[in-house]
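K.L.:
no sequence for this one, just the structure:
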């Protein structure tokens, strides 16, 4: 009984002293020396904190706060005055030093309802180089290493610290530096038409499960091409200012600026869901803006240069065969390969002598991204049909471009191509005359004995007069009627088949107007390419009918000369050249011109009406 009373008295004394204990604030760092690219951890603990207390962090001059984590635990103390609720507050701060030398961390304040309690100041040394494996600072908190427990076992004073840390990471970032967007370009200065690669990354130090509602920069004034658009989050380790992050690529684009000047790229935006399942939350992040300087192309561009031809290219031309029979076509292939804006480059147009007819080419393109650079191959195939025998030369092609690596204009050329046209087997037979002295008219007659003779059987009977037979009237009337009908058809066909210049012009004009009507139906529908193709065919058919010759292979200057010599008005000559140039630009360089279908249609109508 005496022992029980003594123990009870001692317990009352201890609880009373605990209840009257004053609040205390203790600050410590995990290392005494750090490098300028390293980080260190500041831990602040406030014990015996009354209810309603809060820890206030000071401004750290010479260090940048990367993240802050706050914790709180409550317990009840029994004293002579009754139960008292006490709090233990903890704050963990990850800091990054910004200058070399002695770094003094000011005291941390615990603000209670009654007073302000300050912690001890701290001093660490900041080196210029990385400091690895530095020992913990004096007084730094260490886990209890009890006998029998392996290294890395949770702190026995707080066995759930590791669990709370994982919950904290899953719950979401505790600062902007834990989750942020960053836009990057591989070049800050480029020429007009030169590729610059834009990449948008998301950096995180928390679990990231989903990215949505992405808003990428407005890229007006650029021709863009997607290089990479990942459909899932693929992290790779990266370090920013000595802090390790998990970085995931959101978008990578190739940009080709179309105008010179300083361009401001707006920051990207997105919503990120952190954590997994129901343990995370949604965060909105805005990235960094970018400034890009676009320089104009230098003077001294060669004749025929197109501003879209910027990069590095190779030009080739070849014939499918160097010989051809008269009437048999061959294929002329023109290919441009290299790096640059392959969808906008303009291939040179092939020409040929008048003895070779070139048909409209068919185009193919193959574009891909190799090591974040847009490269590919564009090709055109012309059908070449010889009009006479002989040996003819297809002139070489040239392609001028600006090389941003060497900062100068370059011109590549193909070799001239030779085509030999022979009469062919049929022409050789006609030139040699009849074979074996047998005329062409009897060559296909079967020889005697090739067919077995027919055996006829005769029957004798009294013939019926012709006029009494049922089909006599029809047989008598049908031949004259058929003769009259065939005569009329022949007259009509003869008139239609007349090849006098006036008839040819009328037929060509009707065909041109029919094509122009088809183009007018495409004015409010269809693509720009289909519309411009119909307009070009209409104008070409009209000019060929008026000139009485084809226009294939003619340059614009040669076409102007032919029209002027034929007596075409000067306004019609220039109008026809403008219409054909616009149609070529729409077909071969879509996007390089702004097409007004109504304007082009009216211009073509003026060409057809201007030469009566």
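P.N.:
Happy to help now that I have it. As the structure is a computational prediction, the values presented were derived from the model and not from experiment.
K.L.:
ok, now how distant is residue 286 from residue 213?
P.N.:
12 Å (Cβ to Cβ, to the nearest Å). From N, CA and C alone the C-beta is placed, and that goes for glycine too.
K.L.:
More neighbours: which of the two?
P.N.:
Neighbour count, other Cβ atoms under 10 Å: between residue 286 and residue 213, residue 286 has more, with 14 against 10.
K.L.:
Dihedrals phi and psi, that one?
P.N.:
In terms of degrees, to the nearest 10, the main-chain angles of residue 286 are phi -120, psi 130.
K.L.:
circling back: shared neighbours, residue 286 and residue 213?
P.N.:
residue 269 (Cβ atoms under 8 Å, 6 or more residues apart in numbering).
K.L.:
residue nearest the centroid of this structure?
P.N.:
Centroid-nearest residue in the chain, with Cα atoms, centre = their mean: residue 225, separated by 1.9 Å.
K.L.:
Surely that residue is in a strand?
P.N.:
Yes. Assessed with DSSP: H, G, I helix; E, B strand; the rest coil, residue 225 lies in a strand.
K.L.:
what sits opposite it in the beta ladder?
P.N.:
residue 254 (DSSP bridges).
K.L.:
is it true that it touches residue 374?
P.N.:
Yes. Between residue 225 and residue 374 there is a contact under Cβ atoms under 8 Å: 5.4 Å.
K.L.:
okay, and the common contacts of the two?
P.N.:
254, 341, 367.
K.L.:
so where do the helices sit in the stretch 301-450 of the chain?
P.N.:
424-432 (DSSP state H, counting those that start in this stretch).
K.L.:
which residues does the residue nearest to the centre of the chain contact?
P.N.:
Contacts of residue 225 (Cβ under 8 Å, 6+ apart): 253, 254, 256, 341, 343, 367, 369, 374.
K.L.:
Need the per-residue pLDDT for residue 74.
P.N.:
On pLDDT, residue 74 comes in at 67.
K.L.:
Actually, residue 382.
P.N.:
So, for residue 382, pLDDT stands at 94.
K.L.:
The closest residue to it other than its chain neighbours and residue 388, how far apart?
P.N.:
Nearest residue to residue 382 in three dimensions, chain neighbours excluded: residue 332, at 4.2 Å (Cβ to Cβ, 6 or more residues apart in numbering). Distance, residue 332 to residue 388, by Cβ to Cβ: 18 Å.
K.L.:
re earlier: which among the shared contacts of residue 225 and residue 374 count as buried?
P.N.:
If you count burial by 16 or more other Cβ atoms under 10 Å, the buried members of those come out as 254, 341.
K.L.:
now, which of the shared contacts of residue 225 and residue 374 sits nearest residue 596?
P.N.:
Comparing the shared contacts of residue 225 and residue 374 against residue 596 with Cβ to Cβ picks out residue 341 as the nearest, at 24.1 Å.
K.L.:
I'd say that closest one and residue 196 touch.
P.N.:
No. Using Cβ under 8 Å, residue 341 makes no contact with residue 196, being 11.6 Å away.
K.L.:
can you list residues touching both of those two?
P.N.:
residue 256.
K.L.:
next helix or strand past whichever helix or strand residue 182 is part of?
P.N.:
Applying DSSP states H and E as the criterion places residue 182 in strand 179-185. Counting by DSSP H and E, the next helix or strand C-terminal to strand 179-185 is strand 189-191.
K.L.:
can you tell me the average pLDDT over the helix or strand that that next one is followed by?
P.N.:
Using DSSP H and E, the helix or strand that follows strand 189-191 towards the C-terminus is strand 196-204. Averaging pLDDT along strand 196-204 yields 94.
K.L.:
Kindly point out the strands partnered with strand 196-204 and how each is oriented relative to it.
P.N.:
When DSSP bridges is applied, strand 196-204 pairs with strand 179-185 (antiparallel), strand 243-257 (antiparallel).
K.L.:
export these to TSV and tack on distance to residue 111?
P.N.:
What follows is those, written out as TSV (distance: least, Cβ to Cβ, whole Å):
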stretch	distance to residue 111
strand 179-185	29
strand 243-257	30
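K.L.:
what would these look like in TSV with mean pLDDT and distance to residue 40?
P.N.:
Shown next, in TSV, are those (pLDDT from 0 to 100; distance: least, Cβ to Cβ, whole Å):
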stretch	mean pLDDT	distance to residue 40
strand 179-185	92	21
strand 243-257	92	12
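K.L.:
For the stretch 51-200 of the chain, just list every one of the strands.
P.N.:
Here the stretch 51-200 of the chain has its strands, by DSSP state E, counting those that start in this stretch, at 54-56, 63-79, 82-97, 101-105, 109-111, 116-118, 122-127, 179-185, 189-191, 196-204.
K.L.:
Out of the contacts of residue 225, flag the one nearest to residue 559.
P.N.:
residue 343 (28.3 Å).
K.L.:
give me the number of residues near residue 337?
P.N.:
Here the count is done by other Cβ under 10 Å, and residue 337 has 16 residues near it.
K.L.:
quick one, what contacts it?
P.N.:
By Cβ under 8 Å, 6+ apart, the residues touching residue 337 are 313, 314, 316, 375, 376, 377, 378.
K.L.:
which ones are touching the first one?
P.N.:
Contacts were defined as Cβ under 8 Å, 6+ apart; by that measure residue 313 touches 336, 337, 338, 339, 340, 345, 399, 401, 412.
K.L.:
can we see that at 7 Å?
P.N.:
Contact analysis of residue 313 by Cβ atoms under 7 Å, 6 or more residues apart in numbering lists 336, 337, 338, 340, 399, 401, 412.
K.L.:
any idea which of the residues you listed is the one closest to residue 527?
P.N.:
residue 336 (23.1 Å).
K.L.:
Just the buried residues of stretch 249-259, please?
P.N.:
249, 250, 251, 252, 253, 254, 255, 256, 257, 258.
K.L.:
cool, stretch 255-274 as well?
P.N.:
255, 256, 257, 258, 263, 265, 267, 268, 270, 272, 273, 274.
K.L.:
quick check, nearest of these to residue 21?
P.N.:
residue 274 (39.4 Å).
K.L.:
Was I right to think that closest one contacts residue 284?
P.N.:
No. Between residue 274 and residue 284 there is no contact under Cβ atoms under 7 Å: 11.7 Å.
K.L.:
which residues in the stretch 451-600 of the chain form helices?
P.N.:
Going by DSSP H, counting those that start in this stretch, the stretch 451-600 of the chain shows helices at 472-496, 501-521, 528-547, 556-565, 570-588, 597-609.
K.L.:
Was I right to think residue 268 contacts residue 184?
P.N.:
No. The pair residue 268 / residue 184 is not scored as a contact, 10.8 Å apart, by Cβ under 7 Å.
K.L.:
sorry, back to before: which one of residue 332 and residue 388 is surrounded by more residues?
P.N.:
Applying other Cβ under 10 Å to residue 332 and residue 388 shows that residue 332 carries more neighbours, namely 24 against 11.
K.L.:
any idea how far residue 550 is from that one?
P.N.:
Distance of residue 332 to residue 550, computed by Cβ to Cβ: 17 Å.
K.L.:
who's in contact with the nearest residue to residue 571 once chain neighbours are set aside?
P.N.:
Nearest in space to residue 571, with sequence neighbours left out and distances taken as Cβ to Cβ, 6+ apart, is residue 610 at 6.4 Å. Shown in contact with residue 610 (Cβ under 7 Å, 6+ apart): 569, 571, 572.
K.L.:
so how many other residues sit close to the second one?
P.N.:
For residue 571, the number of neighbouring residues by other Cβ under 10 Å comes to 12.
K.L.:
all numbers from here: first residue = 391
P.N.:
All set: I'll call the first residue 391, so the last point we hit is now residue 961.
K.L.:
Could I get the pLDDT score of residue 475?
P.N.:
At residue 475, pLDDT is 66.
K.L.:
low-scoring stretches of the stretch 391-540 of the chain, by residue?
P.N.:
391-410, 464-476, 522-540 (pLDDT under 70).
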